[in-house]
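model the following, please.
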Amino acid sequence: MTLTIEDIRLELSPQGNEFLDYWLSLRSDRMMPDRAEFDPVGIKHLLPYIVIHELIDPQTIRLRLVGTGVVNQYGQESTGRNYLDFVEPERRAKASEAIFLVREHPAGMSVTLKSLTRNGRSTLRRTIALPVDDPKERRKFVYFCSTRQETSERPPTEMAALAVQSVADRHYFDIGAGTPAFSD
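So this is what the prediction gives:
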């Protein structure tokens, strides 16, 4: 079954839905908005949850911006690093393919990420990923809005750096070009 934008809204956090609305307002009648149109002031309250991935090649997905809310949960600044360094080595090719499909197909993606910190603490993040165009510089971007998913566990008393991430759940949704055939 192909999920639509309206279908996926039920899975998103309030911040994820606001991010989706902003992205939709920018894209107009195109498949995806232009990076130059993205104005952080327009969604200033969402910036702590924004993560911008630049797709360099299948082995390199550069984290161009990691919001403070994400940094605080992961216990380390990761802007400028390769996202795939935070993925288990045996899953890196699949993780790269999944993110590249958001931009290349294109499609939206909703994913629940399970993060394990170096002190063994586990957290869940609810994330929406959407493609962004950059025709001027011909670079490939996927913008994420990632919020903590509430769990029954108590919040951490100390910061612990992110060790590895895995996918607990993933769904692609149709933004006008259908959805890719992909499974984790």
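
okay, and the helix or strand of the protein with the least pLDDT?
strand 162-173 (a mean of 77; mean pLDDT, DSSP states H and E).

low pLDDT regions in the chain?
116-120, 150-165 (pLDDT under 70).

for it, what spans make up the helices?
5-9, 14-27, 68-74, 92-104 (DSSP state H).

so which of those helices comes closest to Pro58?
Nearest of the helices of the chain to Pro58, taken as CB to CB: helix 92-104 at 4.8 Å. Bear in mind the C-beta positions are built from the backbone N, C-alpha and C, glycine included.

list the helices and strands that closest one packs on?
Packing contacts for helix 92-104, counted by 3 or more CB pairs under 8 Å, 6 or more residues apart in numbering; DSSP states H and E, involve strand 50-57, strand 108-117, strand 122-132, strand 141-148, strand 162-173.

centre-most residue in this structure?
Phe144 (3.1 Å; CA atoms, centre = their mean).

now that residue: how far from Leu113?
Remark: distance between Phe144 and Leu113 (CB to CB, to the nearest Å) = 10 Å.

what sits in contact with each of the two?
Thr127 (CB atoms under 8 Å, 6 or more residues apart in numbering).

I'd say Val102 and Val132 touch.
No. Using CB atoms under 8 Å, Val102 makes no contact with Val132, being 9.7 Å away.

on that earlier part again, adding distance to Ile8, write the helices and strands packed on helix 92-104 out as a markdown table.
Shown next, in a markdown table, are the helices and strands packed on helix 92-104 (distance: least, CB to CB, whole Å):
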| stretch | distance to Ile8 |
| --- | --- |
| strand 50-57 | 18 |
| strand 108-117 | 5 |
| strand 122-132 | 8 |
| strand 141-148 | 12 |
| strand 162-173 | 4 |
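
who wins for proximity to Tyr83 among those strands?
Nearest of these to Tyr83, taken as CB to CB: strand 50-57 at 5.9 Å.

packing partners of the closest one?
Packed next to strand 50-57, using 3+ CB pairs under 8 Å, 6+ apart, are strand 60-66, helix 92-104, strand 141-148.

tell me, how many residues neighbour Asp184?
13 (other CB atoms under 10 Å).

what sits against it?
Lys94, Ala98, Val167, Arg170.

show the buried residues in the residues you listed.
Taking 16 or more other CB atoms under 10 Å as the criterion, what is buried in the contacts of Asp184 is Ala98, Val167, Arg170.

chain neighbours aside, what residue packs nearest to the second one?
Excluding its sequence neighbours, the residue lying closest to Val167 (CB to CB, 6 or more residues apart in numbering) is Asp184, at 5.5 Å.
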